[in-house]
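> quick one, structure for this:
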Amino acid sequence: MRAVICGYYGRGNGGDEALLVSLLQMLPQEVTPIVLSNNPPQTHQRYGVETCPARSAFSLLRTLKKSDMFIWGGGSLMQDVTSFASPFYYAGVMGLAQQLRLKTVAWAQGIGPLKRATTQWLTKQALQGCTAVSVRDSQSAKLISQWDISPLIAPDPVWALESKPVQGLWDLPAPRVAVNLRAHPLLTAKKLEILTQALVDFQKATQTFILLVPFQKSQDLAIARSISDRLPPSHKIIELEDPRQLKGLFKGVEMTIGMRYHSLIMAGAEECRCFALSYDPKVSRLMKELDIPGWELDQLPDDANLISTAWLEHYVNGDALSQVQIHSLIDRAFMHRELLQSVIDFNLNL
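Numbers count the residues shown, from 1 in each chain. Okay, the predicted model is just below:
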């Protein structure tokens with residue numbers, strides 16, 4: 001079987017690349033993946049898969065016509081907060097695949113936020129036409145259950161992503177604390193200044209080595225550099241392109257201060273204490289589900305000392321997820337693999 005895989009791939013976002021690798025890791029052996037990518041040569045080189053330009057209508061149609069299955073490959077594809085156009089693209093490709101009578105799967109989705117009636121309708125139509133649907137959180141399941149859709153609910157597949165060691169990590173001074181911040185309207189210049197000062201104070205109190213970890217260069221690297229300019233030499237900006245190494249990085253980290261959703265998942269999966277700065281409902285839901293301390297960015301204190309003190313308290317007395325919790329999350333994440341296998345088995349037995 002040939003399966004077209006569609007997601008936010010080839011744009012240098014570590015979390016979305018991790019979802020792609022997780023899906024490739026879980027894809028049954030009977031399936032040949034064709035990945036829709038915004039950078040096809042790079043995706044082919046990194047993962048050894050057949051690719052198709054995501055924005056070429058001709059190539060896309062030709063690829064779909066030669067395929068048996070279409071998969072939305074994880075993430076928050078159907079949301080209209082960061083982009084109004086995005087849901088139209090993803091729903092459009094899904095609709096085309098359904099018109100061509102491919103088996104269609106919405107896989108490991110985080111649905112919403114959907115602020116507009118139009119994007120809600122698009123999402124409903126796309127999901128109702130799917131052969132199978134899985135979501136990564138109960139809020140997404142609650143939303144689409146209103147449309148008489150009963151999805152599989154399982155943790156994000158990145159919990160189960162195989163990690164790889166990072167060369168030279170263990171040569172860096174210990175203990176280590178990782179920091180991931182991304183550009184966002186809620187992260188104003190004033191808030192970034194407060195967080196930077198808090199990090200300077202925290203490092204001075206703990207004598208930790210700070211790892212600044214951009215997940216997407218276009219949105220994270222400039223912020224990492226601005227923080228780097230304020231820190232003493234005991235820090236390093238680490239840029240990793242392989243999502244398996246990105247996850248493996250957190251094996252050597254005591255605590256993570258994370259803004260991105262998948263920075264917290266990767267850190268949590270590697271038994272690293274986490275402190276969250278939420279810019280999005282998906283991060284807030286993860287904080288609640290796993291009891292991760294942190295702040296909503298729009299409620300961040302104005303006092304850098306208060307923030308650094310909270311970080312210090314969690315660093316000294318906070319707990320990472322237990323091995324029992326981690327193993328449970330990983331085991332349940334593999335339910336997304338079982339969903340794919342069930343669709344494949346059903347199709348092969350027709």
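
> now residue 182. Its backbone dihedrals?
Torsion angles at residue 182 (phi, psi; degrees, to the nearest 10) stand at phi -130, psi 160.

> correction: residue 31
Main-chain dihedrals, residue 31, degrees, to the nearest 10: phi -110, psi 130.

> you'd agree it is up against residue 344?
Yes - counting by C-beta atoms under 8 Å, residue 344 is a contact partner of residue 31 at 6.3 Å. (Glycine included, C-beta is placed from N, CA and C.)

> spit out the residues that contact the two alike.
1, 69 (C-beta atoms under 8 Å, 6 or more residues apart in numbering).

> give the contact list for residue 240.
Counted by C-beta under 8 Å, 6+ apart, residue 240 has contacts 14, 166, 213, 246, 249.

> equivalent analysis for residue 29, please.
Counting by C-beta under 8 Å, 6+ apart, residue 29 has no contacts.

> and it, what helix or strand is that in?
Per DSSP states H and E, residue 29 falls between elements, in no helix or strand.

> measure it to residue 344 for me?
10 Å (C-beta to C-beta, to the nearest Å).

> could you pull out the strands for this protein?
Listed in chain order, the strands of the chain (DSSP state E) span 2-6, 32-37, 50-53, 69-75, 103-109, 132-135, 152-153, 176-180, 209-212, 235-237, 255-258, 273-278, 294-296.

> partners of the third one, with directions?
Which is strand 50-53. strand 32-37 (parallel) (DSSP bridges).

> the fourth one now?
Strand 69-75 pairs in its sheet with strand 2-6 (parallel), strand 103-109 (parallel), by DSSP bridges.

> with only the CA atoms kept, save the first one in PDB.
Extracted in PDB, the C-alpha atoms of strand 2-6 (Å, rounded to 0.1, in the frame of the first residue of the first chain):
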ATOM      1  CA  ARG A   2       1.100   3.600  -0.700                       C
ATOM      2  CA  ALA A   3       0.200   6.200   1.900                       C
ATOM      3  CA  VAL A   4       0.400   9.900   1.400                       C
ATOM      4  CA  ILE A   5       1.400  11.600   4.700                       C
ATOM      5  CA  CYS A   6       0.400  15.200   5.200                       C
END
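
> follow-up on the earlier one: in a markdown table, list the strands of the chain along with mean pLDDT and mean neighbour count.
A markdown table is the format used below for the strands of the chain (pLDDT from 0 to 100; neighbours: other C-beta atoms under 10 Å):
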| stretch | mean pLDDT | mean neighbour count |
| --- | --- | --- |
| strand 2-6 | 98 | 23 |
| strand 32-37 | 98 | 22 |
| strand 50-53 | 98 | 18 |
| strand 69-75 | 96 | 27 |
| strand 103-109 | 98 | 27 |
| strand 132-135 | 98 | 23 |
| strand 152-153 | 98 | 16 |
| strand 176-180 | 98 | 25 |
| strand 209-212 | 98 | 22 |
| strand 235-237 | 98 | 19 |
| strand 255-258 | 98 | 28 |
| strand 273-278 | 98 | 24 |
| strand 294-296 | 98 | 17 |
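
> can I get the strands paired with strand 69-75 in TSV with distance to residue 337?
What follows is the strands paired with strand 69-75, written out as TSV (distance: least, C-beta to C-beta, whole Å):
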stretch	distance to residue 337
strand 2-6	13
strand 103-109	10
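
> what does the helix ranked longest in the chain contact?
Ranked by residue count, the top helix of the chain under DSSP state H comes out as helix 189-206. The set of residues external to helix 189-206 that reach it, using C-beta under 8 Å, 6+ apart, is 175, 177, 179, 181, 208, 210, 223, 226-227, 230-232, 234-235, 257, 277, 297, 300-305, 307-308, 311-312, 315.
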